[in-house]
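Asks: A predicted structure for the sequence below; I have some questions about it.
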Amino acid sequence: MSFNNKVVWITGASSGIGKHLAIELSRQGAKIILSSRNIETLKTVKQLCENPENVKLIALDIEDYTNLKSKVDSAITLFETIDIIVNNAGISQRALARETDIAVDKRLMDINYLGTVALTKLILPHFIKNKSGQIVVTSSIVGKIGTPLRSSYAASKHALHGFFDSLRAELQQDNITITLICPGFVNTNVSLNALTGDGSPQQKMDKATKNGIAPNYFAILMAKAILKKRQEVYIAGFKEKLAVYTKRFFPKILSKMITKLSVT
């Protein structure tokens, strides 16, 4: 198994995990389709890839999820097929639930959940026709546990697990696999862009994010998980992984630990 000549479509590819995954998969011989809202930034990422001639670009706003069909049709025609879609586009949150406007809650769900689901549903007929395909979803450790300042972000990621676990069972007979990637803290701009209570970006780097896994190393681990077709994988530090297993086996203990986290 390898990525050589595999066609991989990555959303949220202009920075962070998406950018570095594109660079890594290009190094491993994949043909890449990059998508985000900013086409100019995607051009920069393309030039960082080992084989830029095998990298195509499609501008896409995942929040505009009712108008994605033409994007999917265009993506399929670029290399005449798609083997893997990496649903990586998303946005985080840094605000107390009681101080978050309901419009911000909705936006988090629109981008992180509904946009991802809509794009997946549109590419499903292509995968089903080919009796082959892999759907990769960038979730989060917060998709398994809830933490302060991330109530609606956690909700959107939890929703992804519910949907894609169900979808995996439905698609078993069609030879379509689903891989849920759960990052812990990764040193990207995710906290800078995280939405505050009024919907404005936080514009501040969290200490934990700054000290997180280097995105290029994360991309190597993510690529391995995709290649092995893992159902669900936690790419995170020891404490974040421990929290997931504590939640599973000792939920009351984790609950006490979570309440001690800073909410300021």
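Replies: Here it is on my side, so go on. The structure displayed is predicted, hence computed values, not measured ones.
Asks: Report the mean per-residue pLDDT for stretch 78-86.
Replies: Within the predicted structure, the mean pLDDT of stretch 78-86 is 98.
Asks: typo on my end, stretch 214-222
Replies: Per-residue pLDDT values across stretch 214-222 average out to 98.
Asks: what sits up against that stretch?
Replies: 16-17, 19-21, 23-24, 181, 183, 186-188, 235 (CB atoms under 8 Å, 6 or more residues apart in numbering). In this view, the C-beta of every residue, glycine as well, is placed from N, C-alpha and C.
Asks: mind listing what's buried in that stretch?
Replies: Residues of stretch 214-222 classed as buried by neighbour count (16 or more other CB atoms under 10 Å): 215, 218, 219, 221, 222.
Asks: Would you reformat the residues you listed as JSON lines and include distance to residue 54?
Replies: As requested, the buried residues of stretch 214-222 are arranged in JSON lines below (distance: CB to CB, whole Å):
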{"residue": "215", "distance to residue 54": "22"}
{"residue": "218", "distance to residue 54": "23"}
{"residue": "219", "distance to residue 54": "17"}
{"residue": "221", "distance to residue 54": "23"}
{"residue": "222", "distance to residue 54": "20"}
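Asks: Nearest to residue 257 among those?
Replies: In terms of CB to CB, no member of those lies closer to residue 257 than residue 218, at 24.6 Å.
Asks: which SSE is that closest one in?
Replies: Secondary structure from DSSP states H and E places residue 218 in helix 215-227.
Asks: Ok, residue 42 next?
Replies: Under the assignment here (DSSP H and E), residue 42 is part of helix 39-48.
Asks: what's the longest helix in this structure?
Replies: Assignment by DSSP state H gives helix 151-171 as the longest helix of the chain.
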